[in-house]
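Q: Sharing a model prediction with you, sequence too.
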Amino acid sequence: MVFYIVNLILSPHVENTKFYLIIKIIFVSNFPSIFIHSLDISLALHYNAFIMCGIVGCIGTKKAKPILLDGLRRLEYRGYDSAGLAVWDGQTVNLAKTKGRVADLAELVREQALAGTVGIAHTRWATHGEPSAKNAHPQTDEDKNVFVVHNGIVENYKPLKQKLEQLGHCFQSETDTEVLAHLVEHFLKQGADLEHAVKQALRRVRGTYAVLVMAASEPDTLIAARFSSPLRIGMADGQIIVASDPSAILSHTTQVITLSDGEVATINRGGYTITNITNDEVINKDVDAIEWDVSAINKGAFEHFMLKEIFEQPETLQNSFRGRLDPESGLAVLGGLESVAEQLRRIKRIHIVACGTAYHAGLIGEYMLEEYAGIPVEVGIGSEFRYRNAVLDPENDVVLVISQSGETADTLAAVREAKEKGVLSLGIVNVVGSTIAQETKAGVYNHAGPEIGVASTKVFVSQLAVLALLTIFLGRQRQMSLVVGKRIAQALAALPEQIQAILNQSEAIKKMARAYSGYKDFFYLGRKYNFPIAIEGALKLKEITYRHAEGGPSGELKHGPLAMIDESFPTVFICPQDSVYDKNVSNMEEVRARHGRIIAVATEGNGEVKSLAQDVIYIPKTLEMLTPILSVVPLQLFAYHMARELGLDIDKPRNIAKSATVE
Ligand code: AGP
């Protein structure tokens, strides 16, 4: 409720509502304006948006085009589904945008002089509006006077867009960002200069942003502003560079200042001035020296994208939950399913179809949805489902596909099979505007940001989180009580911090991986919710260390695989304190009796397990249905550290690719 009220204060465009005026008296009479802003900051930071795009701008004596293109190349790891730039050439602002990579943009402008020395550019990771030239940034107003590049999400873009359309503005794109261009133009036309037009526009935004704005009407000025998305400014030899992260600045200077939330930089050829967005107070910033080496910087401080993505998982979960999880009401808000919500109320069976790691997520979804939503579920592997002639009932069934890339051919085939048989198809997809996202009737985006490492980690955890949200969504349509819904929602909200506690054990797991790097064969075993984690953990090890690893249900041990166990064949048991823990203990005894070494993933405080396993990795306690989101993290780190010990190409393992777009 406080969040909602705070937003009314910061959105003067609703000045004439009685509710707003009452709240204004309450808040402004008791708190300085900065309090309101800081409260908004804290609330926004709580939902820290980890949306990734690359922003770069420059003004000075050198030609802008090469600086902008080089900057985008260094930022492309942040997002790469479309790109664009705008350069003032002394007469007009030249705009060039394209779907695809930065290389496609460079090819598009190769023949264009673009002689100007001031410009802005952007490489996009789509959140609103599929990847296309139209939706690429810079976004502009209809007069092509204002040009905006943006990293973040304007959560309240729909009401702002409606208000602007009522004022006669015409929109071209499906993006949230375009609203900013029209808002700035609106205030310019009311007589504000570019700095104050941008400030007035941003004060009406709820969400997160790093923005760079230029205008044909004030061509020698760039305005930069940030709120919960990074933005830095470097200055050297009269050249000023603004970028999302230092990698685009480092080749010009190592001296940068970092904008803080609520700060606005007014940049021109003589330098820059930083002021507070609410009261124009001038702010003096310290200049920081960057020590990072450019080649590594795209991975931040991490040696590999896979490790970076493992460590991003707390933010990834927050981003997947943002605007969707309400622990107070015990509800999950999944806007992408609104159009089919009533049909989902009536379904009687779910067919989950996916491949690889996404299939393992589906197996866990089966346990969640059957136990908590009471809906029968069957899970199929894409490459089998497409040839199986599955029995699908258009009245009662739904096909739910899960795919990080949204391009996996075998999974896409399941979508088309569902459509052929008149069955509703839904997707849980990470890449906005991907083929599967376009061809399914409805769905839920992961909002996990680009996953560069071939071995899927953060998106897998996001898939499990979205499946848990879907379980609440469907369960509360049925017999799930408010109490149970709240319990699951509250446990989900606690997961980011709990994952961080596991990540803090990375060095200990690194030592363990080194100790086991000589073994050639591994068994991974788990039960119920953690049986699929056993398969997923085995896959992680296989695909980046190339060692043989077999995952399966602990209960199957005695039906044959136990014959393999001896001192040369370690077993990883995923055995949290859950409803089948005692059964896992029996299985661990069976392995010990054959002199098999055991690595156990167990719940914090479980002392007994130390007498059963040579090595133990502890995870925090959570609901049984959510233990996979925690138990997979040690297995990701174990695989990563072993592959690093073996000196292998972790981000690009041999023989496999990030997305299997062919059969
Ligand atoms: C997982 O680490 C692998 N990269 C692979 O199994 C992957 O999960 C599978 O190819 C499915 O890809 P998708 O999620 O993009 O459809």
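A: Noted; the coordinates are in hand.
Q: For the stretch 101-250 of the chain, give the residue positioned nearest to the ligand.
A: At 15.4 Å from the ligand, residue 125 is the closest residue in the stretch 101-250 of the chain, using CB to the nearest ligand atom. Quick note: C-beta positions are derived from backbone N, CA and C, even for glycine.
Q: OK, contacts around the residue nearest to that residue when sequence neighbours are not counted?
A: Excluding the flanking residues, the one nearest residue 125 by CB to CB, 6 or more residues apart in numbering is residue 79, at 2.8 Å. Taking CB atoms under 8 Å, 6 or more residues apart in numbering as the criterion, residue 79 is in contact with 52, 53, 54, 123, 124, 125, 126, 449, 450.
Q: Could you check how far the fifth one is from residue 152?
A: Using CB to CB, to the nearest Å, one obtains 12 Å as the distance from residue 124 to residue 152.
Q: Looking at the two, which one has more neighbours?
A: residue 124 (30 against 24; other CB atoms under 10 Å).
Q: Local confidence estimate at the more buried one?
A: If you check residue 124, the pLDDT there is 89.
Q: list the contacts for residue 542?
A: So residue 542 contacts 548, 549 (CB under 8 Å, 6+ apart).
Q: next helix or strand past the helix or strand that contains it?
A: For residue 542, the host element (DSSP states H and E) is helix 531-545. Next along the chain after helix 531-545, taking DSSP H and E as the criterion, comes strand 548-553.
Q: which helices and strands sit right next to that next one?
A: When contacts are defined as 3 or more CB pairs under 8 Å, 6 or more residues apart in numbering; DSSP states H and E, strand 548-553 packs onto strand 521-526, helix 531-545.
Q: Dump those to TSV, plus mean pLDDT and distance to residue 83.
A: Formatted as TSV, the helices and strands packed on strand 548-553 follow (pLDDT from 0 to 100; distance: least, CB to CB, whole Å):
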stretch	mean pLDDT	distance to residue 83
strand 521-526	98	41
helix 531-545	98	30
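Q: The ones you listed: which one's closest to residue 146?
A: helix 531-545 (46.4 Å; CB to CB).
Q: roughly how far is the helix holding residue 542 from the heart of the chain?
A: 22 Å (CA atoms, centre = their mean, to the nearest Å).
Q: Just want the angle from it to strand 521-526.
A: If you take axes from the mean of the first three to the mean of the last three CA atoms, to 10 degrees, helix 531-545 sits at 150 degrees to strand 521-526.
Q: Report all helices and strands that the helix or strand where residue 572 lies contacts.
A: Using DSSP H and E, residue 572 sits in strand 571-574. Helices and strands touching strand 571-574, by 3+ CB pairs under 8 Å, 6+ apart, are strand 521-526, helix 531-545, helix 581-593, strand 598-603, helix 627-645.
Q: how many neighbours does the residue of the chain found nearest the ligand have?
A: Among the residues of the chain, residue 356 lies closest to the ligand, at 1.9 Å counting by CB to the nearest ligand atom. A total of 22 residues lie near residue 356 under the criterion other CB under 10 Å.
Q: now the helices and strands packed on strand 548-553 in a markdown table, with distance to the ligand?
A: Shown next, in a markdown table, are these (distance: least, CB to the nearest ligand atom, whole Å):
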| stretch | distance to the ligand |
| --- | --- |
| strand 521-526 | 14 |
| helix 531-545 | 6 |
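Q: Can you check which of these gets nearest to residue 269?
A: helix 531-545 (49.1 Å).
Q: tell me the angle that closest one makes with strand 598-603.
A: 130 degrees.
Q: coming back round to it: go through the helices and strands packed on strand 548-553 and name the closest to residue 513.
A: Nearest to residue 513 among the helices and strands packed on strand 548-553 is helix 531-545 (9.0 Å), distances taken as CB to CB.
Q: so how far is stretch 576-583 off the chain centroid?
A: 32 Å.
Q: which residues touch the strand holding residue 572?
A: Residues contacting strand 571-574 (CB under 8 Å, 6+ apart): 522-526, 530, 533-534, 537, 554, 565, 584, 587-588, 591, 596-601, 613, 631, 635, 638.
Q: can you give me the angle the helix holding residue 542 makes with helix 627-645?
A: 20 degrees.
Q: can you list the residues of this protein near the ligand?
A: 355-358, 403-405, 408, 411, 454-456, 543, 659-660 (CB under 6 Å from any ligand atom).
Q: Show me what the strand or helix carrying residue 307 packs onto, helices and strands only.
A: Applying DSSP H and E as the criterion places residue 307 in helix 305-311. In terms of contacts (3+ CB pairs under 8 Å, 6+ apart), helix 305-311 is packed against helix 627-645.
Q: circling back to that earlier point, where does the residue of the chain closest to the ligand land on pLDDT?
A: pLDDT at residue 356 comes out at 98.
Q: and it, what is it in contact with?
A: Residue 356 touches 456, 539, counting by CB under 8 Å, 6+ apart.
Q: what do you get for residue 562?
A: Going by CB under 8 Å, 6+ apart, residue 562 touches 590, 591, 594.
Q: ok, now which ones touch the last one?
A: To tie it back to what came earlier, the one meant is residue 594. 562, 565, 566.
Q: and of the residues you listed, the nearest to residue 425?
A: Among these, and counting by CB to CB, the member closest to residue 425 is residue 562, at 41.1 Å.
Q: ok, the closest one to residue 554 distance?
A: Distance, residue 562 to residue 554, using CB to CB: 11 Å.
Q: pLDDT at residue 14, what is it?
A: We have a pLDDT of 28 for residue 14.
Q: Let me fix that, I meant to ask about residue 214.
A: 98.
Q: now do residue 438
A: 82.
Q: Would you map the strands across the stretch 51-200 of the chain?
A: 54-59, 82-88, 93-99, 118-124, 139-140, 146-154 (DSSP state E, counting those that start in this stretch).
Q: Pipe those strands into JSON lines and attach distance to residue 422 per row.
A: Supplementary listing: the strands of the stretch 51-200 of the chain in JSON lines, determined by distance: least, CB to CB, whole Å:
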{"stretch": "strand 54-59", "distance to residue 422": "42"}
{"stretch": "strand 82-88", "distance to residue 422": "34"}
{"stretch": "strand 93-99", "distance to residue 422": "32"}
{"stretch": "strand 118-124", "distance to residue 422": "35"}
{"stretch": "strand 139-140", "distance to residue 422": "39"}
{"stretch": "strand 146-154", "distance to residue 422": "35"}
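Q: and residue 195, which of those is closest to it?
A: Nearest to residue 195, of the strands of the stretch 51-200 of the chain and by CB to CB, is strand 146-154 at 12.9 Å.
Q: Tell me which other helices or strands that closest one touches.
A: strand 54-59, strand 118-124, strand 139-140, helix 178-189, strand 207-215.
Q: one more time with 7 Å
A: Under the contact definition 3 or more CB pairs under 7 Å, 6 or more residues apart in numbering; DSSP states H and E, strand 146-154 sits against strand 118-124, strand 139-140, helix 178-189, strand 207-215.
Q: Now do the first one and strand 82-88, the angle between them.
A: Relative orientation of strand 118-124 with respect to strand 82-88: 170 degrees, computed using the same axes, to 10 degrees.
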